[in-house]
Each structure stands twice: as structure tokens, then as C-alpha cells.
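Q: pasting the sequence and the predicted coordinates here, then a few questions.
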Amino acid sequence: MSREFAKKRYSEKRSAQQGWRRTIFVFIFLLLLSGIGFGIYHYKNQFSLLANWFSERKNHLQQGMTKVKQLTVNKKAEPEPIHFEFYTTLPNMQVKPSVPPVEDSKRIAKATPLPTPQVKQPLFDPAEIEEDVSSQLKSRESRE
């Protein structure tokens with residue numbers, strides 16, 4: 001049996017159906033590549049047509065326009081120094097000093113000393129609390 005296997009060639013092992021599958025696969029692959037190529041070519045043409053259309057519209061809109069003459073400045077001339085008016089105006093200004101307001105004796109209340117705080121009684125008396133607690137403890141002891 002091993003001799004029979006060795007005699008067979010690889011090309012003979014393929015069935016006819018596998019050959020057709022390969023042919024169909026190659027055909028689909030070539031069809032796909034040609035579709036991609038056609039799409040790129042079509043896109044380039046559409047892009048150029050679109051660009052031409054825009055340029056024609058732009059030219060059409062600019063036909064009635066005239067160019068405006070612009071004044072040119074001598075670029076070799078040094079720029080004028082910047083002069084702020086603030087630096088000359090401020091030293092020359094005369095500012096009136098502020099006058100403190102006149103104190104009106106009626107409006108100003110005389111300083112009166114604050115009343116001394118009275119010592120407040122505590123809310124509870126510790127001696128009373130101690131008496132209450134001790135009396136309650138005694139009453140409990142007497143009950144028992």
C-alpha cells in the first residue's frame with residue numbers, strides 16, 4: 001500500500017472541482033481589482049471636472065470686478081517711533097489734592113464707653129445638682 005501512495009503525484013490528487021474553485025477565485029479577485037481601478041480613475045475625472053467648474057464660476061464672477069489700486073509705502077524708510085500721549089500729559093496735569101471732609105459735630109456721635117458686661121449666672125448650680133443626685137440615690141437605696 002505504501003508503494004501505491006508513493007506512485008501517486010500531487011497534481012493527480014486534486015479533483016476537478018478544486019480547479020474550478022481556484023479559477024473562480026482568481027476571476028473574482030481580478031474583477032475586484034479592476035473595479036477599484038475604475039473607481040479611482042472615475043474619481044480623478046470627477047474631481048478635475050469639479051475643480052474646472054469651480055474655476056469657471058470664479059472667473060465668471062470676477063469678470064465685472066475691477067482691481068483697486070493700493071497705496072504702497074516705502075519699505076526702506078524707518079518706522080516712526082511710537083509716541084504715547086500719556087507720558088507727556090501726565091506730568092503736565094495738575095491734580096488737586098483731596099481734602100478731608102469737614103467733621104460735622106451733629107453727625108458724629110460722641111464716643112461713649114461700652115457698658116461693662118455683667119457676670120452671668122450659670123444655667124445650673126453644681127451644688128444643687130449634687131444634692132439632687134445624692135437624694136435620688138438615697139431614695140433608690142431605701143427602696144431596695
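A: That came in fine, so what should we check first? Numbering: from 1, shown residues only.

Q: distance of Glu61 relative to Gln70?
A: Quick fix: residue 61 is Leu, not Glu. In this view, Leu61 and Gln70 are 21 Å apart by CB to CB, to the nearest Å. For glycine as for every other residue, the C-beta is placed from the backbone atoms N, C-alpha and C.

Q: with neighbour numbers in mind, choose between the two.
A: Counting neighbours by other CB atoms under 10 Å for Leu61 and for Gln70 shows that Leu61 has the greater number, 9 against 6.

Q: can you name the next helix or strand after the helix or strand containing that one?
A: Using DSSP states H and E, Leu61 sits in helix 16-62. Sequence order places helix 86-92 as the next helix or strand after helix 16-62, per DSSP H and E.

Q: any idea which helix or strand in this protein has the lowest mean pLDDT?
A: Taking mean pLDDT, DSSP states H and E as the measure, the helix or strand of the chain with the lowest value is helix 10-13, at a mean of 57.

Q: related to what we said a few turns ago, quick one: average pLDDT of the helix holding Leu61?
A: With pLDDT averaged residue by residue, helix 16-62 scores 83.

Q: that helix: how far from the chain's middle?
A: 41 Å (CA atoms, centre = their mean, to the nearest Å).

Q: go on, stretch 119-128?
A: Using CA atoms, centre = their mean, the offset of stretch 119-128 from its chain centre is 64 Å.

Q: quick one: end-to-end distance for that stretch.
A: Between the opening and closing residues of stretch 119-128 we find a distance of 20 Å, counting by CA to CA, to the nearest Å.

Q: got the contact list for that stretch?
A: Contacts made with stretch 119-128 from outside it, assessed by CB atoms under 8 Å, 6 or more residues apart in numbering, are absent: no residue qualifies.

Q: and it, what's its mean pLDDT?
A: pLDDT averaged over stretch 119-128 gives 79.

Q: can you give me the buried ones in it?
A: Of the residues in stretch 119-128, none has enough neighbours to count as buried (16 or more other CB atoms under 10 Å).
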